[in-house]
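>>> got a sequence here, can you model it:
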Amino acid sequence: MTSSTAPDSAPPPRPAPRGPLRRMTARERDEAHRVASPLELFFDLCFVVAIAQAGAQLVHAVAAGHAGEGILNYAMIFFSIWWAWMNFTWFASAYDNDDALYRVVTLVQIAGVLVLAAGVSQAFENHQFLLVWLGYAIMRFAMIAQWLRVARSAEGAERTMALRYAGGVLLCLIGWLGLLILPESGRPWVFLVMATAELCVPVYAEKDFTTSWHAHHISERYGLFTIIVLGETIAAATVAVKAGVDEHDALGELLPIAAGGLLIVFSAWWIYFVVPIHGHLRSNAQAFLWGYGHYLIFASAAAIGAGLEVAVEQAVGTAHISTLAASAAVTLPAALYLLTVWVLHSRYFKVGIAQQLVLPTTALLVILCTFLGDWAVLAAGIVSALAVAVGVTLTARMVVREGTRAA
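This next block holds a predicted model:
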């Protein structure tokens, strides 16, 4: 008896060796299942440490009646944190090869933001920016090293792009030395000029070659950072309310602030994630506007937490400001957040005037809540929650109408 057997199937291909050092080549724009890596999540958490420090100093400045100076310092410090985070995020979306050197350089950037965080209080209180500059320099030199690795692995226009990035980052870092050597009166102008220069570097570097960032990965990274910032806002406000209850037995005065603050933050999360923004990010022009605009989203989200702390301190009598000023510390950043999310996110997915007007109208009503005295924060929270309810209702009605027409 003879028997025949089918030939054995070919063994699966062995994975390519992954040594400790690999060429830093561009990843594919349409790469499947692209998600944030554990290193990126760790990176985000460490950056929020610096954001928390900036928020705490903003609270002290506003509560002491120095709102203008505090907001300016906050804007400057927050820009350095946000810009370093954003540069890494877009770079990683295009070139993350996850080798040993890439990981080490990324950890160096994390160390840099922790140095920056250590200098935040000196920058706010004594106007000394040495530690802030040093921390920023550590992050930026690490970024320069990453771009030089890309240049070493690339050719032609891509290599030119990488060298432009490296050179632009270095020149801007030198320009930021103005914060250390110029008098205090000139520092706001240094910030304005250098922030503009920093924003121009990616536009110039990519004018002939576009990095292969991944739209879904980028939208997820921004969304995760938004969640972390909102979480830090809740944590800061919770600690402030607990301290007010423990030290001043002021539960009745703080309950409206706590409830209103939770409603604002919950609504902020809902409004940001109600639409899948990655489908809108198709070109550098769209991505630059969307990515740069998140400075206002992140800064205002963190400032909401600082404002809630100020409101708590004013309610228990430890802040030297009026109820109106304390209310504005919450309502103004909340309104800015709502308006910016509408401009960058929501308006592209809204159908009809009614849907388009929900968030701008809500932002206006939140500002008007400022004048409601001790009930301002609670009223702003209720208005924000109603905006979510109205948005959900309008969307549901639209779906029903479209289903009726299709039938």
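
>>> how about the helices in the stretch 251-400 of the chain?
For the stretch 251-400 of the chain, the helices defined by DSSP state H, counting those that start in this stretch occupy 251-273, 284-315, 323-344, 352-368, 376-406.

>>> which residues of the stretch 101-250 of the chain fall in helices?
Counting by DSSP H, counting those that start in this stretch, the segments of the stretch 101-250 of the chain that form helices are 120-126, 130-153, 156-175, 178-181, 187-205, 215-248.

>>> where are the low-confidence patches of the stretch 151-300 of the chain?
For the stretch 151-300 of the chain, residues meeting the criterion pLDDT under 70 lie at 278-279.

>>> do you know which of the helices of the stretch 101-250 of the chain lies nearest V35?
Ranking the helices of the stretch 101-250 of the chain by distance to V35, with CB to CB as the measure, places helix 215-248 first at 6.4 Å. Every residue, glycine included, has its C-beta placed from N, CA and C.

>>> angle of the closest one against helix 323-344?
Here the directions of helix 215-248 and helix 323-344 differ by 170 degrees (axes from the mean of the first three to the mean of the last three CA atoms, to 10 degrees).

>>> name the helices or strands packed onto helix 215-248?
Taking 3 or more CB pairs under 8 Å, 6 or more residues apart in numbering; DSSP states H and E as contact, the helices and strands that helix 215-248 lies on are helix 38-63, helix 67-95, helix 251-273, helix 284-315.

>>> nearest to L378, of the ones you listed?
That would be, of the helices and strands packed on helix 215-248 and by CB to CB, helix 251-273, which comes in at 3.7 Å.

>>> in that closest one, what's buried?
Applying a neighbour-count criterion of 16 or more other CB atoms under 10 Å, one finds 253-254, 256-258, 260-272 buried in helix 251-273.

>>> okay, it in PDB with CA atoms only?
Output for helix 251-273, consisting of C-alpha atoms alone and laid out as PDB, is shown next (Å, rounded to 0.1, in the frame of the first residue of the first chain):
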ATOM      1  CA  LEU A 251     -18.000  72.000  53.700                       C
ATOM      2  CA  GLY A 252     -21.100  74.100  53.000                       C
ATOM      3  CA  GLU A 253     -19.100  76.800  51.300                       C
ATOM      4  CA  LEU A 254     -17.000  74.300  49.300                       C
ATOM      5  CA  LEU A 255     -19.700  71.900  48.100                       C
ATOM      6  CA  PRO A 256     -20.900  74.200  45.300                       C
ATOM      7  CA  ILE A 257     -17.300  74.700  44.100                       C
ATOM      8  CA  ALA A 258     -16.600  70.900  44.200                       C
ATOM      9  CA  ALA A 259     -19.800  70.000  42.400                       C
ATOM     10  CA  GLY A 260     -19.400  72.700  39.800                       C
ATOM     11  CA  GLY A 261     -15.800  71.800  39.200                       C
ATOM     12  CA  LEU A 262     -16.600  68.200  38.600                       C
ATOM     13  CA  LEU A 263     -19.300  69.100  36.100                       C
ATOM     14  CA  ILE A 264     -16.900  71.400  34.300                       C
ATOM     15  CA  VAL A 265     -14.200  68.700  34.000                       C
ATOM     16  CA  PHE A 266     -16.600  65.900  33.100                       C
ATOM     17  CA  SER A 267     -18.100  68.100  30.400                       C
ATOM     18  CA  ALA A 268     -14.600  69.000  29.200                       C
ATOM     19  CA  TRP A 269     -13.700  65.400  28.700                       C
ATOM     20  CA  TRP A 270     -17.000  64.600  27.000                       C
ATOM     21  CA  ILE A 271     -16.800  67.500  24.600                       C
ATOM     22  CA  TYR A 272     -13.200  66.700  23.600                       C
ATOM     23  CA  PHE A 273     -13.800  63.000  22.800                       C
END
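
>>> next, the angle from that helix to helix 352-368.
Between the axis of helix 251-273 and that of helix 352-368 there is an angle of 150 degrees, by the same axes, to 10 degrees.

>>> picking up where we left off before, so which of the helices and strands packed on helix 215-248 is nearest L394?
Between L394 and the helices and strands packed on helix 215-248, the shortest gap by CB to CB is with helix 251-273, which sits at 13.4 Å.

>>> list the contacts for the residue nearest the centre of the chain?
The central residue of the chain, meaning the one whose C-alpha is nearest the mean C-alpha position (CA atoms, centre = their mean), is F298 at 3.9 Å. Shown in contact with F298 (CB atoms under 8 Å, 6 or more residues apart in numbering): I51, F78, W82, F225, T226, V229.

>>> for V115, same thing?
L131, L134, G135, I138.

>>> as a markdown table, the residues you listed with neighbour count would be great.
Formatted as a markdown table, the entries for the contacts of V115 read as follows, by neighbours: other CB atoms under 10 Å:
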| residue | neighbour count |
| --- | --- |
| L131 | 17 |
| L134 | 15 |
| G135 | 25 |
| I138 | 20 |
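
>>> reformat these as JSON lines; add pLDDT.
Output for the contacts of V115, formatted as JSON lines (pLDDT from 0 to 100):
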{"residue": "L131", "pLDDT": "94"}
{"residue": "L134", "pLDDT": "96"}
{"residue": "G135", "pLDDT": "95"}
{"residue": "I138", "pLDDT": "96"}
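
>>> closest to L192 out of the residues you listed?
Checking the contacts of V115 one by one against L192 (CB to CB), the nearest turns out to be G135, at 21.0 Å.

>>> re the thing from before, any chance of the helices of the stretch 251-400 of the chain in TSV, with distance to F43 too?
Putting those into TSV (distance: least, CB to CB, whole Å) gives the following:
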stretch	distance to F43
helix 251-273	20
helix 284-315	15
helix 323-344	23
helix 352-368	30
helix 376-406	30
